[in-house]
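> Sharing a sequence plus its predicted fold:
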Amino acid sequence: MNHAQQAINQLIQQTEKSVIGQSHVVQALVIGLLTNGHVLLEGLPGTAKTRSVKSLANALNTDFGRIQFTPDLLPSDVTGTEVYQDLDGKPQLHFQPGPIFNSIVLADEINRAPAKVQAALLEAMAENTITVGDKTHQLPELFMVLATQNPIEQEGTYPLPEAQMDRFIMKVTVDYPDDDAEAEIIRLVRSEEVVRPDSTSNSIANGGDSHAHNQMLTIDPANILAARQALPEVEVSELIERYIVGLVMATRKPERYPDSRLARWIDVGASPRASIALDKCARANAWLQGKTYVEPDDIRAVAANVLGHRFTLSYDALADGITRQDVVNELLDHVVIG
């Protein structure tokens, strides 16, 4: 195990100390980082979506920005704006960067913002740049949007367009914790109320960070960039490539599998970005386990998060209460390797 792998594993361990019962979420966030992608977290209130993102940024010791999306949000509230400044008696325009210029950006309740804000965010996610006026500004090399949305509260929301959904390399469902995890959460929050006397001033300055947070070990962000350079070295065989293509093509041409229910459940299939994302995420999953090649299990491990938001359910599927997870399970059951 090389230095970068040790650092990334430490990043996962440190984040999981602050996020109980959501190890699959932490794993997905780290895979998003390694693949230079963006992740959408969907879950009910109180399921540690925001906490997961903050804990990752704290453990990574990098710039963190949070944007609370609301219906009255303006694009300039995200991107920043040009302001007049008086320099040597001459008024000049000066660009004031917005919160999007951080390395880790939390877009909280992303589906509450109108279309213009979504368009500005889409440029950042797709091009790693922001355009204000006639000037284009480059975002940090280490840049990741982690968005959250509530699946049940739809009043006052703007559903994300398919083009923007497709820009998220993964969409992760965040469920309620089980009994043991719930009890551990209570103990964790209780322990965070204890602050060392000599760290009171720092705690206040940091918004009441806990003793546990003050003791958190941090990871050099350079390890993320080093890991990204290592991913192309993970081998993908022709057999694995055919498996990736087979899974994606099954969403577009489900009639190839007459003994399945895919044709009845899928209305519109996944785009080529799905194949690219499956390849990237599977290599990242293999690399995290110290492997130098991708196995079918690496594809299966990321399939639900990568494919689940990239196809459109049919009316019959919605009427029957079929979930996207059901469709992915059907894909994995019928698409053979080879």
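Nice, thanks for sending it over.
> show me where pLDDT drops low in this structure?
Scanning the chain for pLDDT under 70 picks out 1, 152-156, 195-216.
> for the residue at minimal distance from the centre of it, what are its contacts?
What sits nearest the mean C-alpha location of the chain, by Cα atoms, centre = their mean, is Val39, with 1.7 Å. With contact set as Cβ atoms under 8 Å, 6 or more residues apart in numbering, Val39 has these partners: 28-29, 32, 144-147, 168-172. Where C-beta positions appear, they are placed from N, C-alpha and C, glycine not excepted.
> For it, which non-adjacent residue is closest in space?
Gly32 (4.1 Å; Cβ to Cβ, 6 or more residues apart in numbering).
> swap in Ala227?
In this structure, Ala227 finds its nearest non-sequential neighbour in Ala4, 4.6 Å apart by Cβ to Cβ, 6+ apart.
> Give the helix, strand or coil label for the one you found.
Here Ala4 is recorded as helix under DSSP: H, G, I helix; E, B strand; the rest coil.
> which residues sit in contact with the residue nearest to Leu34 when sequence neighbours are not counted?
Excluding the flanking residues, the one nearest Leu34 by Cβ to Cβ, 6+ apart is Ala284, at 4.3 Å. Counting by Cβ under 8 Å, 6+ apart, Ala284 makes contact with 31, 34-35, 231.
> ok, now which ones touch the residue nearest to Ala227?
223, 226-227, 230.
> Would you tell me which one of the residues you listed comes nearest to Ile244?
The closest of the contacts of Ala4 to Ile244 turns out to be Ala230 (Cβ to Cβ; 20.3 Å).
> most neighbours, which of the contacts of Val39?
Leu146 (29 neighbours; other Cβ atoms under 10 Å).
> picking that back up, redo the contacts of Ala284 as a markdown table? Include secondary structure and neighbour count.
As requested, the contacts of Ala284 are exported to a markdown table (DSSP: H, G, I helix; E, B strand; the rest coil; neighbours: other Cβ atoms under 10 Å):
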| residue | secondary structure | neighbour count |
| --- | --- | --- |
| Ile31 | helix | 26 |
| Leu34 | helix | 22 |
| Thr35 | coil | 25 |
| Leu231 | helix | 16 |
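> Redo the residues you listed as a markdown table? Include distance to Glu193.
Formatted as a markdown table, these follow (distance: Cβ to Cβ, whole Å):
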| residue | distance to Glu193 |
| --- | --- |
| Ile31 | 33 |
| Leu34 | 34 |
| Thr35 | 37 |
| Leu231 | 41 |
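> Now the residue lying closest to Asp178 once chain neighbours are set aside. Its backbone dihedrals?
Distances taken as Cβ to Cβ, 6+ apart place Gly21 nearest to Asp178, at 6.5 Å, with adjacent residues excluded. Here is the backbone geometry of Gly21 (degrees, to the nearest 10): phi 80, psi 10.
> Hmm, Glu184 and Gly21 touching each other?
Yes - in this structure Gly21 lies within contact range of Glu184 using Cβ atoms under 8 Å: 7.3 Å.
> and these two? which has more neighbours close in?
Relative neighbour count places Gly21 above the other of Gly21 and Glu184, with 20 against 14, counting by other Cβ under 10 Å.
> can you give me the helices for the stretch 101-250 of the chain?
115-127, 162-167, 179-192, 200-205, 211-214, 222-230, 238-252 (DSSP state H, counting those that start in this stretch).
> Dump these to a markdown table, plus distance to Thr312.
As requested, these are arranged in a markdown table below (distance: least, Cβ to Cβ, whole Å):
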| stretch | distance to Thr312 |
| --- | --- |
| helix 115-127 | 19 |
| helix 162-167 | 8 |
| helix 179-192 | 33 |
| helix 200-205 | 48 |
| helix 211-214 | 42 |
| helix 222-230 | 31 |
| helix 238-252 | 9 |
